[in-house]
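Engineer: Mind folding the following:
(chains A and B)
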Amino acid sequence: MRTSDAVGRYGEQVAVAHLEAAGMRVVARNWRCVDPVRGELDVVARDGDVLVAVEVKTRRCGPDGAPGAGHPFEAVTPVKAARVRRLLVAFAERSGERAPSLRVDAVAVLRPTRGPALVEHLRGVA
Amino acid sequence: MGLGATRGVALVGLAGAVVDVEAFVTPGLPAFVVTGLPDTSLGQSRDRVRAALSGIGCSLPSRRVTVNLSPASLPKQGAGFDLAVAVAVLAAEGVLAREVVRGWTHLGELGLDGRLRPVRGVLPAVVASVAAGLPRVVVPVENAAEAELVPGAQVRGASSLAAVVRGHGGDVDAGCEPDDDDLPGRRRAVEPRPVPDLADVVGQVEARRAVEVAAAGGHHLLMLGPPGAGKTMLAARLPGLLPDLEDAEAVEVTAVHSVAGTFDAAGGLLRRPPFEDPHHTATTPSVVGGGSGVVRPGAASRAHRGVLFLDEAPEFRKDVLEALRQPLEQGSLVIARAGGAARYPARFQLVMAANPCPCGRATGKGDGCSCAPVERRRYLARLSGPLLDRVDLQVEVTAPSRAALAAAEPGEATAPVAGRVRAARAAQAQRLQGSGARCNGEAPGSLLRGRLRLPPPVVADLDAALDRGRLTVRGYDRVLRTAWTLADLDGAGTPDRDHVGAALLLRLRGRAA
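Structural biologist: Residues are numbered from 1 along each chain as shown, chains lettered A, B, ... in the order given. I've put the predicted structure just below:
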């Protein structure tokens, strides 16, 4: 479990770097909530006016170059995406951030056995 | 963003409609959506396609895959679209060239290991594809012989998805070719039932004559007689007397059996008239066709251009017998379901055998019969008037006597009788040319009463029977048809008064006016 936590933290760092390079400003990281929805937002960022919750999924690649546990995006089910959106609504209320519109993104971080990590960014998944 | 398209075929009854199978790969969370009115087994094709694709080393993209089956309003059934879906996805991904794949029709079900499994109804599907200007088809290797029966089709048989991809010039892992060919269902040979010879029937001169007339004119036949008289034997020998099917008929018959899954392509097109003998416990859907979703042809359609034999006819359920009235009249069956109406051809020759009463001994004087009169009356009344009215030949079959058995002189064999039947059919074909009918049994009444009208002295007995109410107007036409057949068997140009009289006797079970 500890290894996968480390992989997850690594992935979130890579994702944040990617989002900032793409011109987004990170507002919060690992924001947790119990009520009304239990869960965690990996990254909350601002893309211009839009408040964006980013779900980060990280996978290590096996020796064959393919992620053994499946592609990161396969773990973002419609149910999960919907939960992230509800969490984002809760975040917007609690934090007092101005949020004229909300969006949920997904970022996949693939770490090959050697070489730089591969990042894919999907906008507006929920 | 990738778009790939190929073709599949949806079957409604025997009518095939070419379906565009489009795959659209877009960025988005991984999903595989099939749209365009798929049924359950077609909707599940996404799981089979996913497994088969990863089996050949082209796993599904981790993006959103939308597969659309167009026209979207036409309900589609079955696993036969698996291959088309997989190929469309591969084209959308750029593994296969889009222009190449577009011009092909793909039929076949996929196994999880990428093996291609045979499907039903390949023949009508390929016919539809060729008719739509798409002669190039890929089918499972087991169905290739069947597909090649269609004139003009360019058939490519394949045993696996990998073979299909290579055939289209794609590059895939070679290592996952399925090699074990001994799985159940791989080879499924349907043994053709041998048709017994007429020489086996002892005695029964009148009944043999009735069977010959039925074969010559395509007439429906009812045989009444005690158990063990040989009714079933006679009926089973009728198909052997019928001439081979013509090309168009053979394609039609084979198509029905292909959809029914009772056809083995190894023997080529079905050239012999089929023989179907459903048991008397048969349900209406099993006889006329039915089933949820995919409407399968029933025994009546499988007997198209052949013989439908109902042994112990009064024991059949009332609704089964009544359901046969439509095909007897129209030569086809329309089975309506929520998803649409399927039309199957069903121009069969009806042969019924029945005991005269529940105990079966009420023949001749009826001395041995132990049934109450009311039972006896009710028994045959189960064959309703409207149904019997459509049966041209109604004969009583008596058990052969001990003397006839002892004489044991073999009856006339099938071959010479079949020769007479062929000659009679040739005469009919010439006479009925242009009327749409092929034999006397199908000749339209307007023709019988018009161009082929017989002079009044010849039909005097018939007119008398009609006046006395022994015949309906439909029965009148039916007797005329039988009379023409009798004349054809005799080599006479037109029926004379004797032919009409004999036809009337055959119709009225020997109790002529």
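Engineer: C-alpha from now on. contacts and neighbour counts both.
Structural biologist: OK.
Engineer: Where do the helices of chain A begin and end?
Structural biologist: A:2-21, A:78-95 (DSSP state H).
Engineer: what does the stretch 301-450 of chain B give?
Structural biologist: For the stretch 301-450 of chain B, the helices defined by DSSP state H, counting those that start in this stretch cover B:318-323, B:325-330, B:373-381, B:385-388, B:402-407, B:414-431, B:445-449.
Engineer: So which of those is the most surrounded?
Structural biologist: Among the helices of the stretch 301-450 of chain B, judged by mean count of other CA atoms under 10 Å in any protein chain shown, the one packed with the most neighbours on average is helix B:414-431 (a mean of 18).
Engineer: Up against chain B, what does chain A have?
Structural biologist: A:71, A:73-74, A:76-77, A:122, A:125 (CA under 8 Å from any CA of the partner chain).
Engineer: Show residues contacting the lowest-mean-pLDDT helix or strand in chain B.
Structural biologist: In chain B, no helix or strand scores lower on mean pLDDT, DSSP states H and E than helix B:402-407, which sits at a mean of 72. With contacts defined as CA atoms under 8 Å, 6 or more residues apart in numbering or on different chains, helix B:402-407 is touched by B:202-203.
Engineer: Pull out the CA atoms of that helix and give them to me as CSV.
Structural biologist: Coordinates of each C-alpha in helix B:402-407 appear next as CSV, following Å, rounded to 0.1, in the frame of the first residue of the first chain:
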residue,chain,number,x,y,z
ARG,B,402,-53.6,-61.1,-44.7
ALA,B,403,-53.8,-62.3,-48.3
ALA,B,404,-52.2,-59.1,-49.5
LEU,B,405,-49.3,-59.6,-47.1
ALA,B,406,-48.9,-63.2,-48.0
ALA,B,407,-48.8,-62.4,-51.7
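Engineer: So, low pLDDT: which residues of the stretch 351-500 of chain B?
Structural biologist: The stretch 351-500 of chain B contains residues with pLDDT under 70 at B:363-366, B:408-409.
Engineer: Ignore what I typed, I meant chain B.
Structural biologist: Applying pLDDT under 70 to chain B flags residues B:1, B:173-193, B:266, B:292-294, B:339, B:363-366, B:408-409, B:510-513.
Engineer: what residues does chain B put near chain A?
Structural biologist: With CA under 8 Å from any CA as the criterion, chain B meets chain A at residues B:27-30, B:62.
Engineer: Surely residue B:438 touches residue B:432?
Structural biologist: Yes: applying CA atoms under 8 Å as the test, residue B:438 and residue B:432 come out as touching, 6.7 Å apart.
Engineer: picking up where we left off before, reformat the residues of chain B next to chain A as CSV; add secondary structure and neighbour count.
Structural biologist: As requested, the residues of chain B next to chain A are exported to CSV (DSSP: H, G, I helix; E, B strand; the rest coil; neighbours: other CA atoms under 10 Å in any protein chain shown):
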residue, secondary structure, neighbour count
B:27, coil, 16
B:28, coil, 17
B:29, coil, 24
B:30, coil, 22
B:62, coil, 19
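Engineer: Considering the residues of chain A next to chain B, which possesses the most neighbours?
Structural biologist: residue A:73 (25 neighbours; other CA atoms under 10 Å in any protein chain shown).
Engineer: The residue nearest the centre of chain B and residue B:345, how far apart?
Structural biologist: The centroid of chain B falls nearest to residue B:302 when counting by CA atoms, centre = their mean (2.6 Å). Distance of residue B:302 to residue B:345, given as CA to CA, to the nearest Å: 9 Å.
Engineer: Could you do residue B:311 as well?
Structural biologist: From residue B:311 across to residue B:345, the span is 22 Å (CA to CA).
Engineer: Not counting its neighbours along the chain, what's nearest residue 62?
Structural biologist: Went with chain A since none was named. Excluding its sequence neighbours, the residue lying closest to residue A:62 (CA to CA, 6 or more residues apart in numbering or on different chains) is residue A:68, at 5.8 Å.
Engineer: think we crossed wires, I meant chain B
Structural biologist: Distances taken as CA to CA, 6+ apart put residue B:30 closest to residue B:62, at 4.9 Å, once the chain neighbours are dropped.
Engineer: That neighbour and residue A:109: what is the separation?
Structural biologist: Remark: distance between residue B:30 and residue A:109 (CA to CA) = 15 Å.
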